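# Dropping a prediction and its sequence here:
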Amino acid sequence: MPRKNLDKMLLIIDGSNLAHRAYSKYEGFKDYKGRNVGLIYGFLKILQSYIIRFNPKYLLVTFDTKESKSSNFRNELLGSYKIHREKNLKFDHEDFTAQSMVVKKILKYLNVPVVWDSVGLGHESDDYIGYFAKEHSKWHNKVTIISSDKDFCQLINENVKIFNPFKSVLILKRNCREVQGYSPAECVDY
C-alpha cells in the first residue's frame, strides 16, 4: 500500500455555504461609499482563518449558481428537491450575487481555483466537491472539506474528513456516528 501523502492535502471550501454564512454574519458592513461589503469581507476573513488552521498544499473553492439550480436534474427526479429552502431564504439576492461575483474575482486574482456551473449543466457545488474529494483521495492524498452540509459525510474515509464550521468540529470516520448520529456508510440512507 502506498504511503499517505500528507504534504499534498487539498482543502475544498463549499463557497456557497461560506458565502451565506459570511453574508449573514457580517450583514451591515459597508465600504467608505456606503456599499454593502459584508459578504466580501467575511468570506475572505473566514477563508484566511481556514488556510492558517489547516495549512493545505492545495485549495479549491466551489460555488452554486442560478444556472446550476434552475437546470438541476434533481428537480426532475424529485420535484420537491430543496423547495423548503426557497421559502426560508429572506435576503437581497441581487446584493448577495453582486458581492459573490466580487469574491470570485478576488479569488481569481489570488490564483485560487474556483469551480462553478456557469453553463447550466445542472451541477451543484456539492457535485464538484464530491468529484474532487474522490479524485484527490484515491491517490492516498488527504482532503479536508469545509462545509456544514450533512451529505458530505458519505465521502468520509481514511483520507477524507469534514470540518463543520457551525459545530466547529472535525468529522472523521471514527467520530462520524457520535457527531452526526450515523456512520459514513449510513449517510445516504439517513
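Okay, I see it. Numbers count the residues shown, from 1 in each chain.
# which residues in the protein form strands?
For the chain, the strands defined by DSSP state E cover 5-14, 58-63, 114-116, 141-146, 160-164, 169-171.
# got a markdown table for the ones you listed, with distance to Glu135, mean pLDDT and mean neighbour count too?
No exception for glycine: its C-beta is placed from N, CA and C like everyone else's. Listed next are the strands of the chain as a markdown table, based on distance: least, Cβ to Cβ, whole Å; pLDDT from 0 to 100; neighbours: other Cβ atoms under 10 Å:
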| stretch | distance to Glu135 | mean pLDDT | mean neighbour count |
| --- | --- | --- | --- |
| strand 5-14 | 9 | 85 | 19 |
| strand 58-63 | 11 | 96 | 22 |
| strand 114-116 | 12 | 93 | 18 |
| strand 141-146 | 9 | 96 | 22 |
| strand 160-164 | 11 | 96 | 23 |
| strand 169-171 | 20 | 95 | 16 |
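# want to throw those into CSV with distance to Leu107?
Output for the strands of the chain, formatted as CSV (distance: least, Cβ to Cβ, whole Å):
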stretch, distance to Leu107
strand 5-14, 10
strand 58-63, 6
strand 114-116, 5
strand 141-146, 14
strand 160-164, 19
strand 169-171, 24
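# What about Val37, how many residues nearby?
16 (other Cβ atoms under 10 Å).
# I'd say it and Asp95 touch.
No: taking contacts as Cβ atoms under 8 Å, Val37 lies outside contact range of Asp95: 10.2 Å.
# ok, what's across the strand from Val114?
Judged by DSSP bridges, the bridge partners of Val114 are Val61.
# circling back: nearest to Ser125, out of the strands of the chain?
With Cβ to Cβ, the closest approach to Ser125 among the strands of the chain belongs to strand 58-63: 4.2 Å.
# how far off strand 141-146 does that closest one point, in degrees?
Using axes from the mean of the first three to the mean of the last three Cα atoms, to 10 degrees, the inter-axis angle of strand 58-63 relative to strand 141-146 is 40 degrees.
# and the angle from strand 58-63 to strand 5-14?
Using the same axes, to 10 degrees, strand 58-63 lies at 20 degrees relative to strand 5-14.
# And strand 58-63, what does it pack against?
Contacts defined by 3 or more Cβ pairs under 8 Å, 6 or more residues apart in numbering; DSSP states H and E place strand 58-63 against strand 5-14, helix 15-25, helix 93-109, strand 114-116, helix 125-137.
# and if we set it to 6 Å?
For strand 58-63, the packing partners by 3 or more Cβ pairs under 6 Å, 6 or more residues apart in numbering; DSSP states H and E come out as strand 5-14, helix 15-25, strand 114-116, helix 125-137.
# least trustworthy helix or strand in the protein by mean pLDDT?
helix 83-88 (a mean of 50; mean pLDDT, DSSP states H and E).
# how near is Cys153 to Tyr50?
Separation of Cys153 from Tyr50 (Cβ to Cβ, to the nearest Å): 19 Å.
# Neighbour count for the two, which is higher?
More neighbours surround Cys153 than the other of Cys153 and Tyr50, with 26 against 18 (other Cβ under 10 Å).
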